[in-house]
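Engineer: One predicted model, sequence on top.
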Amino acid sequence: MTRKPPEKRPKGGVLAVISLLMIGSAAIRIGLEAGPALAKGAEPSMPAAKQTRAELPGAQVLLTELLRREEALKQREAAVLDKEKALAIADHAIETRLVALQEAEEALRATLAVAEKAAETDLTRLTDVYQSMKPKDAAALFETMDPSFAAGFLSRMPPDAAAGVLAGLRPEAAYTISVIMAGRNAAAPQE
């Protein structure tokens with residue numbers, strides 16, 4: 001196999017054509033865009049002094065109205081900013097008060113828990129005192145108490161101690177205290 005010698009091509013032919021096309025495109029663009037721009041600048045419809053005087057009253061009214069609206073918008077914006085600041089201050093105050101209320105509520109709960117524990121301790125001690133008394137002496141004391149108050153102590157005592165106290169009471173007092181003790185949980189839901 002023999003190779004053919006490469007053909008000789010003319011140098012610069014294609015590059016010259018591309019260059020000419022680019023230059024032509026640039027000339028067309030300049031011609032299309034420059035023409036209207038030159039036409040606008042060459043034909044003033046009215047002299048500048050006459051144009052300003054003729055358009056001045058309408059332009060002045062428009063300018064005055066725009067300035068009035070701008071001032072109204074600035075006032076509204078200032079009012080909105082003031083309201084936002086007031087709301088931020090109020091939010092901060094509310095959050096501060098809410099935290100203070102939560103702390104006070106926790107302190108109150110702790111105080112109530114201590115008070116309830118102390119009250120329960122006192123009742124337990126007093127019940128133990130009444131329970132350790134001779135039934136006859138305790139009965140005499142229970143007869144002078146309000147029946148609902150006496151029923152509260154008797155319901156906390158063990159059944160044998162409560163029975164001894166009830167046995168020493170007058171029948172009417174024992175009956176009243178028994179009815180109160182029996183009816184205490186009658187209104188409680190069964191389920």
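Structural biologist: Done, it's in.
Engineer: which stretches of the protein aren't confidently modelled?
Structural biologist: For the chain, the stretches flagged by pLDDT under 70 are 1-12, 34-56, 187-188.
Engineer: Which segments of it make up each domain?
Structural biologist: According to automatic domain parsing, the chain comprises the domains 75-117, 133-183.
Engineer: what about those, which gets the closest to Leu32?
Structural biologist: Among these, domain 75-117 comes nearest to Leu32, with 46.5 Å by Cβ to Cβ. For glycine as for every other residue, the C-beta is placed from the backbone atoms N, C-alpha and C.
Engineer: Go through this protein and flag its longest helix.
Structural biologist: Criterion DSSP state H: the longest helix present in the chain is helix 48-132.
Engineer: How many residues are close by Ala174?
Structural biologist: Neighbour count for Ala174, taken as other Cβ atoms under 10 Å: 20.
Engineer: whoops, Gln102 was the one
Structural biologist: Gln102 has 10 neighbouring residues, counting by other Cβ under 10 Å.
Engineer: And it, how close does it get to Thr111?
Structural biologist: 15 Å (Cβ to Cβ, to the nearest Å).
Engineer: Also Glu71?
Structural biologist: From Glu71 to Thr111 the distance is 59 Å (Cβ to Cβ).
Engineer: if we can go back for a sec, mean neighbour count, the domains of the chain: which tops it?
Structural biologist: domain 133-183 (a mean of 16; mean count of other Cβ atoms under 10 Å).
Engineer: what distance separates the start and the end of it?
Structural biologist: Domain 133-183 has its terminal residues 27 Å apart, counting by Cα to Cα, to the nearest Å.
Engineer: correct me, but Thr127 touches Leu154?
Structural biologist: No. The criterion here is Cβ atoms under 8 Å, and Thr127 misses it with Leu154 at 9.0 Å.
Engineer: now the domains of the chain in TSV, with distance to Gly24?
Structural biologist: Output for these, formatted as TSV (distance: least, Cβ to Cβ, whole Å):
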stretch	distance to Gly24
domain 75-117	56
domain 133-183	115
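Engineer: Quick check: which of the ones you listed is nearest to Leu123?
Structural biologist: domain 133-183 (7.0 Å).
Engineer: And the closest one, how far out from the chain middle?
Structural biologist: 56 Å (Cα atoms, centre = their mean, to the nearest Å).
Engineer: and the next element down the chain from the host helix or strand of Phe149?
Structural biologist: Per DSSP states H and E: Phe149 is located in helix 147-156. Counting by DSSP H and E, the next helix or strand C-terminal to helix 147-156 is helix 159-168.
Engineer: Show residues contacting stretch 133-143.
Structural biologist: With contact meaning Cβ atoms under 8 Å, 6 or more residues apart in numbering, stretch 133-143 is reached by 130-131, 150, 153-154, 161, 164-170, 173, 177.
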